[in-house]
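Asks: this one's structure only:
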């Protein structure tokens, strides 16, 4: 009888330890999920808040036509605003093509023309934040551009294509004033790959 009594606590202890381990694993999974969800929410939230600050800096630039930093330690300044009224989209474009700048908004890439000038202006942004709307652009849609110098342009979408990152260039682009919007592809991919989605648009005078 005593032996039986002594065996019961052992079984209870093993069961308790098993339940405790399961609880710890469940807690770890929950914490991991919270962290992952937090990461997923942090990037869009960061992008949204940045656009508010960038918009304020751009409005100051429109007044004096001079560059203004969105925050004191920023290494980029707003150069233009792109908008697509049909989609309710408005984005501030930055003057730096660095990875850090891309975290805050679309950037005007070096090697292309300036917005409002002859040649092809190339603007790039992330597919899961600022340029997610590219997948909804259709041929014939109008993109409005306004620079901090006061230049205003309208571009009409002429088409889109998927190219490898090392197969895209503006050297062979048609003569005229054009705008290319570039982002990673496919839109629902988790990791960045070699493919880029490029929307082509041509400046219109009417």
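Replies: Structure received. Everything numeric in this text was worked out from a predicted model, so none of it was measured. Numbers count the residues shown, from 1 in each chain.

Asks: spit out the contact partners of residue 50.
Replies: Each residue near residue 50 by CB atoms under 8 Å, 6 or more residues apart in numbering is listed here: 70, 103-105. C-betas here are computed from N, CA, C, even on glycine.

Asks: in ChimeraX, select just the buried ones from the residues you listed.
Replies: A single ChimeraX command selects the buried members of these (16 or more other CB atoms under 10 Å):
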select :70,104,105
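
Asks: where does this protein dip in pLDDT?
Replies: Residue ranges of the chain with pLDDT under 70: 1-47, 97-98, 171-174, 206.

Asks: which residues touch the single longest strand found in it?
Replies: For the chain, the longest strand by residue count, based on DSSP state E, is strand 152-164. With CB under 8 Å, 6+ apart as the test, strand 152-164 has contacts from 115-116, 134, 137-146, 177-179, 185, 194-204.

Asks: give me the PyMOL select line for the residues you listed, limited to the buried ones.
Replies: The buried subset of the contacts of strand 152-164, as determined by 16+ other CB under 10 Å, is captured in PyMOL by this line:
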select buried, resi 115+116+134+137+141+143+145+146+177+178+179+185+196+197+198+199+200+201+202+203
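
Asks: so which of the contacts of strand 152-164 sit within strands?
Replies: Those of these lying in strands (DSSP E): 142-146, 177-179, 195-204.

Asks: just to revisit the earlier point, got the angle between the longest strand of the chain and strand 195-204?
Replies: On the basis of axes from the mean of the first three to the mean of the last three CA atoms, to 10 degrees, strand 152-164 is oriented at 150 degrees to strand 195-204.

Asks: tilt between strand 152-164 and strand 142-147?
Replies: Here the directions of strand 152-164 and strand 142-147 differ by 110 degrees (the same axes, to 10 degrees).
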